[in-house]
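> fold the stuff below for me.
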Amino acid sequence: MRAAKVISKVTAAHKSHCLFKEPSERKGSMPHTRNRKDRGIVERPEGSGIWWIDYYADGVRKREKAGRKGDAIKLYQKRRTEILQSVKLPENMRAAGVRFKVLANEILAYSKIHHRDTRNVESRVSKINSEFGERIADKIKPAEIDRWISEITTTPGTANRYRATFSLIFREALRNGKVTSNPARLVRQRHESGGRIRFLRDEEEDRLRGSIKKLFPEHQGELTISIGTGMRLSEQYGLTWGQVDFGRKEVHLAKTKNGDARDVPMNADVLAAFQSLKEQTGAKKGVRVFGTKSPRKWFEAAREDAKIEGYRWHDNRHTFCSRLIMAGVGLKTVQTLAGHKTISMTARYSHLASNSLHEAVESLLKKKRRGRKAGKRPRRIDPKRRKTRTDTTTDTRDS
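A predicted model of the protein is given here:
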């Protein structure tokens, strides 16, 4: 008898510390059916066919509406398994969960610190927020993200940029314990083809310079600097005079798109363009070299006047890289000058050296023509007149 009482006390003590408790073990609990199979579920109102589950977790009573009796049994068993396995959500996800717009707005602040190109990030986050802002972040599925991206984008490149923005939002939220997964990671990335890179031909450049001289003569040097250095638009129009070193003939870029600093050498034309701008502005340190943040307005007008189709300001960078390669400059050197993070980015320009490729195959014909002009023909030996060689080697070893 005494042993039985001890066992009974130990069992009761164990139940008092258990995460999951049956409602019958608490005072004032909801009534339930006597069948042990139906423990933890109750029909309320009685006879209505609507079943609830009733349990305690971490000392807090929980009631959930399930609907049918079978669904209530399954839900009750699921909750019991979760609690016994100590499955816990982050603190701020135990109730309704975090809305997606909260995470998206946090990324805008993150982008201002860590990203150079905040304008595009803000634009994409704004569009994403309009669709998903009020949703609970942890309930957004990969299929929903993929379907929405397909509906609003027309090119693989744009689709991948939106996928990357989604992934950034969820990745930072996951790192901070605000969501339990990153659904964007499971969205397939679209294949981006290399495509044909547009560059400026010599006759096009002559027409374009003529139009700029006629319409916007004060901007002539900006085009020269762009084509002569290959700087990105944000790099060029963010320059201050303190970054231009006339002594070393270099432009120092402290922070670039790929995160690394680089020094851009100036050729004679670029140096003359900077000196001309220096005379016009006075070149005070800390003052921006260019009075505008973007050349798009005047450049588009000049391009239309010159009747040049399908050419953007960024294509000046393509022109810079392609001309270097056509001049025989190695890929590694072009990579350094352009500030590409990887050699694969520079390799995209190699196909633009079409003239060099044609010259390479034409060299085969030139060699053949030279041989014919000299009258040289391969020597043919008649097998009948071929002499048999005699071995004249003497064995000098001691016999």
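
> going forward, measure contacts between C-alpha atoms and count neighbours the same way
Noted.

> so, low pLDDT: which residues of the stretch 251-399 of the chain?
Per-residue confidence of the stretch 251-399 of the chain (counting by pLDDT under 70) places the weak regions at 351-358, 366-399.

> what of the stretch 51-200 of the chain?
In the stretch 51-200 of the chain the weaker segments, taking pLDDT under 70 as the threshold, are 85-96, 116, 194-196.

> how about the helices in it?
In chain order, the stretch 51-200 of the chain shows helices spanning 69-84, 100-114, 118-132, 142-152, 156-175, with DSSP state H, counting those that start in this stretch as the criterion.

> next one: the stretch 201-350 of the chain
So, for the stretch 201-350 of the chain - with DSSP H, counting those that start in this stretch - the helices run 202-215, 220-229, 233-236, 268-281, 296-305, 315-326, 331-338, 343-347.

> from these, which stretch is densest packed?
Counting by mean count of other CA atoms under 10 Å, helix 315-326 has the highest mean neighbour count of the helices of the stretch 201-350 of the chain, with a mean of 22.

> run through the residues that contact Tyr349.
Contacts of Tyr349 were listed using CA atoms under 8 Å, 6 or more residues apart in numbering, and they are 197, 318, 321-322, 325.

> show me how the record splits this protein into domains.
What the record gives for the chain is the domain set 19-88, 100-186, 202-313, from automatic domain parsing.

> adding distance to Gly330, write those out as JSON lines.
Putting the domains of the chain into JSON lines (distance: least, CA to CA, whole Å) gives the following:
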{"stretch": "domain 19-88", "distance to Gly330": "57"}
{"stretch": "domain 100-186", "distance to Gly330": "28"}
{"stretch": "domain 202-313", "distance to Gly330": "16"}
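
> quick one, which of those is nearest to Leu365?
Between Leu365 and these, the shortest separation by CA to CA is 27.7 Å, and it involves domain 202-313.

> what's the nearest residue to the most centrally placed residue in the chain if we skip its chain neighbours?
By CA atoms, centre = their mean, the chain has its centre lying nearest to Ala164, at 5.0 Å. Leaving aside its chain neighbours, Ala164 sits nearest to Ala184 (7.9 Å; criterion: CA to CA, 6 or more residues apart in numbering).

> pretty sure the one you found contacts Arg161?
No: the pair formed by Ala184 and Arg161 falls short of the contact definition of CA atoms under 8 Å, at 11.7 Å.

> among the two, which residue is more densely surrounded?
Relative neighbour count places Ala184 above the other of Ala184 and Arg161, with 25 against 16, counting by other CA atoms under 10 Å.

> list the contacts of the more buried one.
By CA under 8 Å, 6+ apart, the contact set of Ala184 is 142, 145, 163-164, 166-167, 170.

> let's see stretch 106-119 as PDB, backbone CA atoms only.
Coordinates of each C-alpha in stretch 106-119 appear next as PDB, following Å, rounded to 0.1, in the frame of the first residue of the first chain:
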ATOM      1  CA  GLU A 106      12.800  47.400 -42.100                       C
ATOM      2  CA  ILE A 107      14.600  46.500 -45.400                       C
ATOM      3  CA  LEU A 108      14.300  50.000 -46.600                       C
ATOM      4  CA  ALA A 109      16.300  51.200 -43.600                       C
ATOM      5  CA  TYR A 110      18.700  48.300 -44.100                       C
ATOM      6  CA  SER A 111      19.200  49.300 -47.800                       C
ATOM      7  CA  LYS A 112      20.100  52.900 -47.000                       C
ATOM      8  CA  ILE A 113      23.100  51.600 -45.000                       C
ATOM      9  CA  HIS A 114      24.200  48.600 -47.100                       C
ATOM     10  CA  HIS A 115      23.200  49.400 -50.700                       C
ATOM     11  CA  ARG A 116      24.400  52.000 -53.100                       C
ATOM     12  CA  ASP A 117      21.400  51.800 -55.400                       C
ATOM     13  CA  THR A 118      18.600  52.400 -53.000                       C
ATOM     14  CA  ARG A 119      16.200  53.900 -55.700                       C
END
